[in-house]
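Chemist: sequence and predicted structure below; questions after.
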Amino acid sequence: MGKFMLLCQISSLLLVLFSLSEVECSLSLSSSSLIPTPLCAPDDTSALIQFKNTVSITDKSLCDGTAHPKTNSWNESTNCCTWEGVTCDNATGRVIGLDLSCSMLVGSLPPDTRLFSLQGLKWLNLSYNNFNLSSIPFGFSKLVSLTHLDLSDSSLSGFVPSVISLPSKLISLDLSVYGLTFDSQSFGMLTANLLELENLFLDIVDMSGVDPTSFVNLSLSLKRLSLRFCNLQGEFPSEIFQLRNLEYLDLSFNSLTGHLPKSNWSSPLRLLHIPGNHFRGSIPASLGNLTKITSLDFSSNKFVGRIPDVFGNLNKLTALDFFDCSFSGLLPSSLFNLTQLTSLELSSNRLTGPIPTHLTGLQILKDLGLEDNLLTGGIPSWLFTLPSLETLYLSNNRLTGRIDQIQKPNSIRIVYLANNHIRGELPTSFFGLSELVKLDLSSNNLSGVIESAMLSKLENLQTLDLSSNNFSGVVELDVLSKLKNLTELDLSNNKLLSSSSNDSGANSTFQVLEALYFSSCNVEQFPDFLRSSKSLSSLDLSNNRIQGSVLRWEVQGWEQLTYLNLSHNLLTGFKQFSAKNLRILDLSSNLLQGSLPAPPPSLVEFLISKNKLSGEIPSSICNLEYLVVLDLSNNYLRGTIPTCLGNFSHLISIINLQRNSLSGEIPDFCVKESLTALALNDNRLEGLLPGSLVNCTSLRFLNVANNNLSDLFPHRLSVLPRLQVLILRSNGFYGRLDHSMLVSGFLSLQVIDISQNEFIGPLPTKFFPSLRAMKVVVSHPTIECGGAGTMCVPKCENCSPDQYKPIVKLNMKRLEMELDLELLSVGFTLIDFSNNHFNGRIPEVLAELCSLLVLNLSHNSLTGPLPPSLGSISALESLDFSWNKLGGRIPSELTKLTFLEVLNLSQNNFIGPIPAGNQFNTFDNDSYAGNLALCGFPLSKKCGNNEEPNPPPSTLGEEGSVMAFTWKPVMIGYGCGVVLGLSTGYIIFMTGRPRWFVGKVERFWQRNFTRWIRRTGIKTN
């Protein structure tokens, strides 16, 4: 917030400071009005004319309106001491100063330029010109009298020569030029030679080869040091912060580490900026000794601990930025007593506690940023009465209570209070904030009737977001249209809110409205004013009750749309309309019938899942050359997949055709390498997996479950470096895996489901150790959810395909849960080899998969004992070995699985006592059913002191038994016939947190499974 403006102000300050030093120098050296202008030395005149002739004048300049060609006034028939930009010594007539900054010069800076013959030159400013990427000439070493040199923004390039430091009298040096590089040798020479240096500006010079410790050798006279964007790396010496004359230090946006001085920190520092680095440690209390400081910027570093309450004596501080510093603790009270502060930024930390209810300072504060913290308590009324406050950012905290009446509304322009717990009605005085330009109160618990007449008083309003609250009433669009500057309006997810307008819409014209979001607002028809809103680019009417066909006359005025979301309505037809710029079209979850509508050719995302579309996928879909996301899932589409679909767009990233009636073979995919997710499951596809999939080097997600494919295991996919999810469930895949799987490969795989196929032989012992992603220990994944029953739809100001994310759907009988595929990045892992014909022992190497969460080997013919080493899979949360021929005792080592919430060892031949302790004390009889020789808790059969039951006969049931799996996707079995299934879910738009539906869990397994759900953070559907 305001960071760009602050950088601009700092740049301006640098120029002013440098100019002041030049002016001071020129005032002392140039002639006064009482002294006649000296006569310029002839050889100096010749040198300047020669320089003028080597450069040209351009009509372009980096200077903002101040640029003009100073050399146009140079004429060899006149005295050069009268030329613009030239200063002469009053006694000798020698040129001692040359200021050609912003002179619109273009050309090279040759090594033999006559400028270097100006032996009396003391200050030289060539900044903001274009020297065509020339290198810095070695001739600067001849200017032995030079005290001030400014080459900033002059389009030079190459290495800075060591001779730049030979003018040993230099007091000020500015080489801030993108394209220059300083090596350690040249910089070492600079620190050794320039013993009188006071000002050093090296912004955007590549200094990656310079050791930061070399800065300790800089002149003790140093007053100003600016090293912004220099690619510096390593430990920055804390001694620099304590230089006795240093007033200005800017280290912005490097990769420096280090600490602030822990003690004896007292210096004349006026500006200290270190944002965008990796400084660590705590802020020392000695910060309070910097009594002359005016600007502090520590943003985006890695500090820890509290912000010390030491600002009482920093009476000159005007700007403080501690954004994204990982600070915790309470807000320092002394900050709120400062009288000169104009900008206070503490956003994106972990600050807690309330905002002070009273304050004595901040009377000239303009910008206050406290968003993305953990602040609690109410909203102090002084926030809306501070006389100078213009911007207020308090979103994403835990603020509660009501907004009180405002006694004397101030001139605040921007208010962001989104994602808190603010409740109650908006006070009428709130609408007295007549200067408001942007207002965001979304995602709170605000209620009450929205008075359109009150909103219309905010006549300067440009963006208004009241979404996801409990507002009620009828929004009169005729009245609201009086807001002539309104460009964005969001009233979504207020279930008691509705809108109205007159029949013609003539009086409700939003001439500059660009974005309208009315999701979940009880809208039953398209608002009339849309037909005359010529500036509208984003429209969201999702989750409403609009029904019937979208008629051509209703979409008049939509020509400029780039984003249109009509999902979750009752639409039965959609006519194509003229939208040459439409990038995202979401028609999912409607009642659309007939063939697939022809989409505009400009589309980037086309989402039309969960409808009743039929017919074939037309080959014309391949004309969408900019398409990134295609979702036609959950329809009644039939026929073959067009052969062009696998290679029609060089941008295509996600193709979702699941849950249709598509048939035939899968065409070649990935002639282009952009594809990241391919969902073809739940169709009638047959044949082989195409070999071209090995070209999908960006592929993360592949689901072909529930088809009629017949092939060997696709071991060739092991070369895909990013493949995380592979689902082959319920097909006709066959053969042995111990030979076909490669020893190395599948390095990124986190979910593999090959259940309900025809695989045979022993489990692939050499395969499991290659699953490196299942060996990485990470924290348990957690999903945060939005409100129940709502679907999240983005505000599409800058919509990108990244907002469309694959969802893995977990099915347990009548329960469905959705798991954001992005959870793979925090360690969701699963192996499901169930319902095949595997035999032999469970391999010991499974124990190496220490981060595995879900393991299902049920419904096979596995024999032998359980390996005790399984107890070392410390992250395991669900384990299913049911319906095998396993025997022996249950290893006590399994009690070490302290995260285990679901266990199914039923229908095997286990004997002896059931281990006790930890999670094993929570499982019930269903976990062990069908093992007649087991005894101990929770079974009713007690174990004798020396009891050693004989192994019982096999109890493996038939497919039709009560324990049989009669549904398609199998992931884990638990209890009496309870299973989880894994399939691809609908891929939805999301802006922040995923939103899930909440459902009921069957009573008899609710206890254990719910505990597992709660720990993983998965929400139920």
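Modeler: It's in. Residues are numbered from 1 along each chain as shown.
Chemist: and residue 919, that's in a helix?
Modeler: Yes: assessed with DSSP: H, G, I helix; E, B strand; the rest coil, residue 919 lies in a helix.
Chemist: can you tell me the closest non-neighbouring residue to it?
Modeler: residue 900 (4.4 Å; Cβ to Cβ, 6 or more residues apart in numbering). For glycine as for every other residue, the C-beta is placed from the backbone atoms N, C-alpha and C.
Chemist: contacting residues around the one you found?
Modeler: Counting by Cβ atoms under 8 Å, 6 or more residues apart in numbering, residue 900 touches 876, 877, 878, 879, 894, 919.
Chemist: list just the nearest of those residues to residue 418.
Modeler: Set against residue 418, the nearest of the contacts of residue 900 by Cβ to Cβ is residue 877 (34.3 Å).
Chemist: number of residues surrounding the closest one?
Modeler: 24 (other Cβ atoms under 10 Å).
Chemist: and the gap between it and residue 727?
Modeler: 20 Å (Cβ to Cβ, to the nearest Å).
Chemist: same deal with residue 568?
Modeler: Where residue 727 is concerned, residue 568 sits at a distance of 27 Å (Cβ to Cβ).
Chemist: of the two, who's got more company?
Modeler: residue 727 (27 against 23).
Chemist: that one against residue 705, yeah?
Modeler: Yes: using Cβ atoms under 8 Å, residue 727 is in contact with residue 705, at 4.9 Å.
Chemist: buried ones in stretch 362-369?
Modeler: 362, 365, 366, 367, 368, 369 (16 or more other Cβ atoms under 10 Å).
Chemist: ok, residues contacting that stretch?
Modeler: Taking Cβ under 8 Å, 6+ apart as the rule, stretch 362-369 contacts 1-2, 323, 336, 338-347, 383, 386-393.
Chemist: filter these to the buried ones?
Modeler: Buried among the contacts of stretch 362-369 (16+ other Cβ under 10 Å): 1-2, 323, 336, 338, 340-347, 383, 386, 389-393.
Chemist: span of stretch 306-324 from start to end?
Modeler: 13 Å (Cα to Cα, to the nearest Å).
Chemist: got the buried residues for that stretch?
Modeler: Going by 16+ other Cβ under 10 Å, stretch 306-324 has these buried residues: 306-308, 310-311, 314, 316-324.
Chemist: now do that stretch, average pLDDT.
Modeler: For stretch 306-324, mean pLDDT rounds to 96.
Chemist: check the offset of it from the chain's centre.
Modeler: 28 Å (Cα atoms, centre = their mean, to the nearest Å).
Chemist: same question, stretch 706-726
Modeler: On Cα atoms, centre = their mean, the centre of stretch 706-726 falls 30 Å from the chain's centre.
Chemist: show the end-to-end separation of it, please.
Modeler: 13 Å.
Chemist: ok, stretch 451-469 next?
Modeler: End-to-end distance for stretch 451-469: 15 Å, by Cα to Cα.
Chemist: now it, how far from the chain's geometric center?
Modeler: 29 Å.
Chemist: list the buried residues for that stretch?
Modeler: Buried residues in stretch 451-469 (16+ other Cβ under 10 Å): 451-452, 455-458, 461-469.
Chemist: alpha carbons only: can I get stretch 884-902 in PDB?
Modeler: Taking C-alpha atoms only, stretch 884-902 is exported to PDB below (Å, rounded to 0.1, in the frame of the first residue of the first chain):
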ATOM      1  CA  ASN A 884      -6.700 -60.600   2.500                       C
ATOM      2  CA  LYS A 885      -5.100 -63.700   3.900                       C
ATOM      3  CA  LEU A 886      -2.800 -62.000   6.300                       C
ATOM      4  CA  GLY A 887      -2.000 -63.800   9.500                       C
ATOM      5  CA  GLY A 888       0.100 -63.900  12.700                       C
ATOM      6  CA  ARG A 889      -0.100 -61.400  15.500                       C
ATOM      7  CA  ILE A 890      -0.800 -57.700  15.000                       C
ATOM      8  CA  PRO A 891       2.600 -56.000  15.700                       C
ATOM      9  CA  SER A 892       2.600 -53.800  18.700                       C
ATOM     10  CA  GLU A 893       4.700 -51.400  16.800                       C
ATOM     11  CA  LEU A 894       1.600 -50.200  15.000                       C
ATOM     12  CA  THR A 895       0.600 -48.400  18.200                       C
ATOM     13  CA  LYS A 896       3.300 -45.900  17.300                       C
ATOM     14  CA  LEU A 897       1.000 -44.600  14.600                       C
ATOM     15  CA  THR A 898      -0.300 -41.700  16.700                       C
ATOM     16  CA  PHE A 899      -2.100 -40.000  13.800                       C
ATOM     17  CA  LEU A 900      -4.000 -43.200  12.800                       C
ATOM     18  CA  GLU A 901      -7.700 -42.500  12.700                       C
ATOM     19  CA  VAL A 902      -9.100 -45.200  10.400                       C
END
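Chemist: how about residues contacting the host helix or strand of residue 663?
Modeler: Per DSSP states H and E, residue 663 falls inside strand 661-665. With Cβ under 8 Å, 6+ apart as the contact definition, strand 661-665 has outside contacts at 617, 636-641, 680, 683-688, 690.
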